[in-house]
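Asker: build me a model:
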Amino acid sequence: MQLTRRLRLAALGMAAALLALAGCGGGAAGDGDTKVIRFAFAPDPVWDLMKDAGVIRQWEQTNGVRIETSTTWDEFTYFAGGHGDIVSMSTQETPVLEAETGIKTVTFGKYNYQRVPLLRRSGDPYRTLADVPKGSKICVSGPTSNTAFWTVLAKEMHGLDYRVGGGDFRLIVNDHFVNPTNLLRRDCEVAAVIPEAAVPQLRKGELEIMYDGKLPFQLYKEFAPVSDGKLHVLGNNFTATEEWFDNNRDLAIKFLELWQTGIDMWKEKKAETVARYPQHFSVESKEDIDFMTQFVSGDNDWFVDSPFLEDQAWIDSETAIWTIMKNLNPDNANFLAANAPTPRFETLSPSS
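Answerer: Presented below is the predicted three-dimensional model:
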């Protein structure tokens, strides 16, 4: 199913559900002088770290703000329903959202990078997609999401057509946590798998990361049409409705300052965070916890250093991926129409 049609159907269903919720008071603007930010976000270790340390409560009391969270893995659909002020959303999704819903957005912060690598079995000769025989099966988690990144990389670096339902390979859709086993069973030649889903297999050396061990955000600058030499592309940005952002610019800054606190806590307490919230990293044994801690301690840390967008050069490099998406095969679920909207990205500065 094309991304646009999938979004249209999902948005209609979500909108109906959220309208019902709003009728029960879910859309409250605040009590007295207390403002409310309606925020949709996937389960996240940094949020839990701040919450358990009392950071969020203190921030709310200091700023006279209450953050109403909706925990969901499908923030995209939640926002498409027209309810909520801020969501986390990938750079590649925002033009599609605006095109299909008419919702004007402003992306004003960043959080973490696209991180789903391609994996091979240990000893297999596939260094890149160009080494994988055409027609081979590739295990993926879906037609969009991280597949969208590998779609543009395949085209720009190798001239390959990478998509579900056609192209140069047979992309087989299964859950991230099933695909490592599928790969080892030779149900596919390579697989795109979130790192957390393959910790035991990576630790034991049964599976290896292709492209010399690089994750997507480490690869983008190798084919980006515009590059400032910094890390891109974001899997989670902080995106607000244009109406909310234009009326709450100061609050948007405070919101990013809260996340700066959380990111700093993560950078200082990676080992403690992985051990304390193993569910967020899909690890259980001490060996797996130690492996994941080591994995995110170096260049593979997919959390940004600062949630503030750097400058216009950074924005130009980040959003240049839209140009590639417009040049894809129109049959690709990740194709972006030539007349697709160009969403706003705004730089903000900390208040102190």
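
Asker: which residues sit against stretch 192-207?
Answerer: 115-122, 138-141, 146-147, 150, 176-177, 179-180, 183-184, 208-209, 215, 280-283, 287-288, 291-292, 295, 300 (C-beta atoms under 8 Å, 6 or more residues apart in numbering). (Each C-beta comes from the backbone N, C-alpha and C, glycine too.)

Asker: residue contacts, the nearest residue to residue 128 once chain neighbours are set aside?
Answerer: Counting by C-beta to C-beta, 6 or more residues apart in numbering, the nearest residue to residue 128 once its immediate chain neighbours are dropped is residue 211, at 5.9 Å. Contacts were defined as C-beta under 8 Å, 6+ apart; by that measure residue 211 touches 117, 118, 127, 128, 219.

Asker: cool, and residue 109?
Answerer: 237, 238, 252, 255, 256, 259, 307, 308, 309, 348.

Asker: quick one: pLDDT of the nearest residue to the last one once chain neighbours are set aside?
Answerer: Residue nearest to residue 348 in three dimensions, not counting chain neighbours: residue 253, with 5.2 Å by C-beta to C-beta, 6+ apart. The per-residue pLDDT reported for residue 253 equals 97.

Asker: what's the answer for residue 341, then?
Answerer: Value listed for residue 341 in the pLDDT field: 94.

Asker: any stretches of the protein with poor pLDDT?
Answerer: In the predicted model of the chain, residues 1-33, 72-77, 80-83 satisfy pLDDT under 70.

Asker: distance of the residue nearest the centre of the chain from residue 113?
Answerer: Closest to where the C-alpha atoms of the chain average out (C-alpha atoms, centre = their mean) is residue 235, at 2.3 Å. Going from residue 235 to residue 113 by C-beta to C-beta, to the nearest Å gives 6 Å.

Asker: do residue 185 as well
Answerer: Here the criterion is C-beta to C-beta. By it, residue 185 lies 30 Å from residue 113.

Asker: okay, the two: which has more neighbours?
Answerer: residue 113 (22 against 9; other C-beta atoms under 10 Å).

Asker: now do the domain split for the chain, please.
Answerer: 3-114+230-345, 118-214 (automatic domain parsing).

Asker: make TSV from those domains and add distance to residue 352 to it.
Answerer: Converted to TSV, the domains of the chain look like this (distance: least, C-beta to C-beta, whole Å):
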stretch	distance to residue 352
domain 3-114+230-345	8
domain 118-214	35
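
Asker: just to revisit the earlier point, tell me which element the residue nearest to residue 128 is part of?
Answerer: In this structure, residue 211 is located in helix 210-213 according to DSSP states H and E.

Asker: next, residue 253: secondary structure please.
Answerer: helix (DSSP: H, G, I helix; E, B strand; the rest coil).

Asker: looking at this, residue 299 is in a strand?
Answerer: No: for residue 299, which was evaluated using three-state DSSP, the result is coil, with no strand membership.
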